[in-house]
Every structure is written in structure tokens, then in C-alpha cells.
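> Build me a model from this:
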Amino acid sequence: MQEILLALVAGFLVGVLFSAIKLPIPAPPVLSGVMGIVGVYLGGVGYQWIVARFFS
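Here you go, the predicted model:
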């Protein structure tokens, strides 16, 4: 839970900083960005599961 809160605070601070210096926010569109992150996470978990299931 602490990692989630730290990531949220860091993201918030980056958003504030980029907005203050008039730069575009370094994030993809909301839904597609979240789905991309979920896909990367599921791919990593899936790889670990496949390796543990078939190659151990």
C-alpha cells in the first residue's frame, strides 16, 4: 500500500511541476494509458507463471 501512495504522490508532483512550467503532461490518454499499464503488468505476471509452470 505504501508503494501505491508513493507512486500517487510522485505522479501528482510531476503533474503539478509540468503544469507550472507549461509543458504537456507526460501521460497517455487516461483509459488507454491505464489499459497499457495493466497489459504490461499482466504480461510480466503471465511470463512468470509460464516459466514456473512449464520450465521449472
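
> Assign the residue most central in space within the chain to helix, strand or coil.
Central residue check for the chain by CA atoms, centre = their mean: the C-alpha nearest the mean position is that of Ile37, 4.8 Å away. The local conformation at Ile37, judged by DSSP: H, G, I helix; E, B strand; the rest coil, is helix.

> same deal with Leu23?
coil.

> distance of it from Val9?
Noted for Leu23: a distance of 20 Å to Val9, by CB to CB, to the nearest Å. Glycine gets a C-beta too; all of them are placed from N, C-alpha and C.

> ok, residues contacting whichever helix or strand Gln48 is part of?
Secondary structure here is read from DSSP states H and E; on that basis Gln48 sits in helix 30-54. The list of residues contacting helix 30-54 from outside it, by CB atoms under 8 Å, 6 or more residues apart in numbering, reads Ala27, Pro28.

> Mean confidence (pLDDT) on it, please.
Confidence over helix 30-54, taken as the mean pLDDT, stands at 90.

> Kindly report the same for stretch 8-26.
Over the span of stretch 8-26, the pLDDT mean works out to 89.

> Pull the CA coordinates from it and hand them back as CSV.
Extracted C-alpha coordinates of stretch 8-26, given in CSV (Å, rounded to 0.1, in the frame of the first residue of the first chain):
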residue,chain,number,x,y,z
LEU,A,8,0.4,8.6,-6.5
VAL,A,9,2.3,11.4,-4.7
ALA,A,10,5.2,11.3,-7.2
GLY,A,11,2.8,11.4,-10.1
PHE,A,12,0.8,14.3,-8.6
LEU,A,13,4.0,16.2,-8.1
VAL,A,14,5.2,15.6,-11.6
GLY,A,15,1.8,16.7,-12.9
VAL,A,16,2.0,19.9,-10.9
LEU,A,17,5.5,20.6,-12.0
PHE,A,18,4.8,20.1,-15.7
SER,A,19,1.7,22.2,-15.5
ALA,A,20,3.6,25.0,-13.7
ILE,A,21,6.2,25.2,-16.4
LYS,A,22,3.6,25.0,-19.1
LEU,A,23,4.7,21.6,-20.6
PRO,A,24,2.3,18.9,-21.7
ILE,A,25,1.6,16.3,-19.0
PRO,A,26,3.8,13.2,-19.7
